[in-house]
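Asker: Structure, please.
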Amino acid sequence: MLRFAPRVATRAAVAFQSSHVPVGVAATQALTARWMSAAAPGPKPANPEFSSGPCKKHPGYNISNLPTAVLGRSHRSKLGKERLAFAINETKRMLGIPDDYLVGIVPASDTGAYEMAMWNMLGAKDIDVCHWESFGKGWFADAVSHLKLRDTVDVREHTAGYGELPDLTATSKDRDICFTFNGTTSGVRVPDGCDWIADDRTGLTLCDATSAVFAMNMPWEKLDVTTYSWQKVLGGEGAHGMLILSPRAVERLESYTPENRPLPKIFRLTKKGKVEAGIFKGATINTPSMMAVEDYIDALAWAESVGGTEGLIKISNNNLAVVEKFVAENDWIDFLAKDPAVRSNTSVCLTLDLSPEQIKAFVALLEKENVALDIGGYRDAPPSIRIWCGATVETADVEALMPWLKWAFDEVKGN
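Answerer: Numbering: from 1, shown residues only. As a prediction, the model looks like this:
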């Protein structure tokens, strides 16, 4: 984009506007142009995309680089199945998922994958549901209001406010445990290692890890059901979910059939009492977007080029460190998650010393300047902003954003 020095930009704006619009409007626009340009604190991020989902495409992404041979072909053709199986196998390899775990591509993003697990598996044991933000709260609501599990088993709720974690050690190894690995709308994650989950548990753990996979170390031995979507950390496309099952989860599927619980076709994981193995080899339940599949494979290849999962985690941690340094130097901004041990390195949620209306103006101002897009806090969260720091966001862009946060704060606070 052509950039002018502040005074040149102002003169150019006035000259153009005064000849094309009424004087009053021209004066206002010229004043705005001078205000925006003269106060600019430094270079803008090269890419202003900080959305928490769908997330920014990886550096160097170009849709024209995607293979097209599979487009227009059946997903059940030899080529279609090969590409789907390749996506599954690469996922398993790059994430270090144990050989005896199953990985499948399922409909409806992370939501579909997690609901699929809930509707197939819950009800065999009493349940602990842990939530501290909107999506985990949604899983609890589904368990008690839609599945009506309290009619047949005991369902306990372990909850905390935005920015905090409940006491996870209060959960029981003999109950199924539903939880979110990383609270996308609160910026709070579970502690490294998930030591609060017992190795000798008899219940299953069902983990929504959509904004954690590829950004945080996943302790697979603690996780029986894990779900995520392509459009978070890898910056893939929406609509497809990943379902990862431990042998214990498979055993539950094959030994437990919920009574009086009809399952729609896209939720069915078993056939004649056995897990539908084809789902985990590329024979998807319904028709996937093969363009989205190729996009996901492209994202996996990029991830490999930056050091695989460990490289992605390092980038996310570096991005978070930039924000942490800035927050430490400015007393008008703080993390929603006060405890660094449970602070997300992807969905970074921040409170500001501004009213809710001023925060909206703050967000709008940065968007108008094309500095930061889609950083408003989630609608159910306390008034806040949310900056995506996953690995597709370059650290240089996070660094460039920080002075603009201060600029926007000063402008909004002063008006």
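Asker: Helix or strand next in line after the longest helix anywhere in the chain, which one?
Answerer: Looking across the chain with DSSP state H, the single longest helix is helix 308-329. Using DSSP states H and E, the next helix or strand after helix 308-329 towards the C-terminus is strand 333-335.
Asker: Tell me how far Pro219 lies from Val342.
Answerer: Separation of Pro219 from Val342 (Cβ to Cβ, to the nearest Å): 15 Å. Where C-beta positions appear, they are placed from N, C-alpha and C, glycine not excepted.
Asker: Looking at these two now, which is surrounded by more residues?
Answerer: The neighbour count for Pro219 versus Val342, taken as other Cβ atoms under 10 Å, is higher for Val342 (19 against 15).
Asker: Which residues are in contact with that one?
Answerer: Going by Cβ atoms under 8 Å, 6 or more residues apart in numbering, Val342 touches 165, 188-191.
Asker: how near is it to Gly183?
Answerer: From Val342 to Gly183 the distance is 9 Å (Cβ to Cβ).
Asker: what residues do those two have in common as contacts?
Answerer: Taking Cβ under 8 Å, 6+ apart as the contact rule, Val342 and Gly183 both touch Arg189.
Asker: List just the nearest of the contacts of Val342 to Ser229.
Answerer: Lowest distance from Ser229 to these (Cβ to Cβ) belongs to Arg189, with 16.9 Å.
Asker: Pro403 in helix, strand or coil?
Answerer: helix (DSSP: H, G, I helix; E, B strand; the rest coil).
Asker: Let me know whether it touches Lys44 as I believe.
Answerer: No. Between Pro403 and Lys44 there is no contact under Cβ atoms under 8 Å: 9.8 Å.
Asker: So which of these two has more stuff around it?
Answerer: Lys44 (20 against 16).
Asker: which residue sits closest to the more buried one, ignoring its sequence neighbours?
Answerer: Counting by Cβ to Cβ, 6 or more residues apart in numbering, Lys44 lies nearest to Val371, which is 5.2 Å off, once chain neighbours are set aside.
Asker: Distance of the one you found relative to Ala400?
Answerer: 8 Å.
Asker: what is in contact with the two at once?
Answerer: Jointly contacting Val371 and Ala400 under the rule Cβ under 8 Å, 6+ apart are 44-45.
Asker: thinking again about what came up before, among the contacts of Val342, which pair sits farthest apart?
Answerer: Across the contacts of Val342, no pair lies farther apart than Val188 and Pro191, at 10.5 Å, counting by Cβ to Cβ.
Asker: Those two: who's more crowded?
Answerer: Higher neighbour count among Val188 and Pro191: Val188, with 27 against 12, using other Cβ under 10 Å.
Asker: Could you double-check that the more buried one sits in contact with Pro166?
Answerer: No. Using Cβ under 8 Å as the test, Val188 is too far from Pro166 to be in contact (10.2 Å).
Asker: Overlap in contacts, those two.
Answerer: The contact lists of Val188 and Pro166 share Trp132, where a contact means Cβ under 8 Å, 6+ apart.
Asker: still on that earlier bit, contacts only, for the residue nearest to Lys44.
Answerer: Shown in contact with Val371 (Cβ under 8 Å, 6+ apart): 44-45, 48, 401, 404, 408.
Asker: per-residue pLDDT, it?
Answerer: Looking at Val371, its pLDDT is 98.
Asker: likewise Ala283?
Answerer: At Ala283, pLDDT is 97.
Asker: Now it. Its backbone dihedrals?
Answerer: Backbone geometry at Ala283, expressed as degrees, to the nearest 10, gives phi -90, psi 80.
Asker: Please apply the same query to Ile244.
Answerer: Dihedral angles for Ile244 - degrees, to the nearest 10 - are phi -120, psi 120.
Asker: Can you name the residues bridging to it?
Answerer: Taking DSSP bridges, one obtains Val103, Thr226 as the residues bridged to Ile244.
Asker: Now do the helices in the stretch 201-350 of the chain.
Answerer: 247-255, 290-305, 308-329 (DSSP state H, counting those that start in this stretch).
Asker: Contacts for the shortest one, please.
Answerer: Right, helix 247-255. With contacts defined as Cβ under 8 Å, 6+ apart, helix 247-255 is touched by 100-102, 117, 120-121, 124, 204, 224-225, 245, 269-270, 273-275.
Asker: Just name the closest of the residues you listed to Glu310, please.
Answerer: The nearest member of those to Glu310, counting by Cβ to Cβ, is Tyr101 at 19.6 Å.
Asker: check contacts around the closest residue to that closest one other than its chain neighbours.
Answerer: In space, and not counting its chain neighbours, Tyr101 is closest to Ser246: 5.5 Å by Cβ to Cβ, 6+ apart. For Ser246, the residues meeting the contact criterion (Cβ under 8 Å, 6+ apart) are 98, 100-101, 220, 223-225.
Asker: which of these count as buried?
Answerer: Among these, those classed as buried by 16 or more other Cβ atoms under 10 Å are 101, 223-225.
Asker: what would those look like in a markdown table with distance to Lys232?
Answerer: Shown next, in a markdown table, are those (distance: Cβ to Cβ, whole Å):
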| residue | distance to Lys232 |
| --- | --- |
| Tyr101 | 20 |
| Leu223 | 17 |
| Asp224 | 21 |
| Val225 | 18 |
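Asker: From the residues you listed, which land in strands?
Answerer: Judged by DSSP state E, the buried ones among the contacts of Ser246 include Val225 as members of strands.
Asker: residue ranges of the strands in the stretch 101-250 of the chain, please?
Answerer: Assigned by DSSP state E, counting those that start in this stretch, the stretch 101-250 of the chain shows strands spanning 102-107, 127-131, 155-159, 176-180, 182-183, 188-189, 205-208, 225-229, 240-245.
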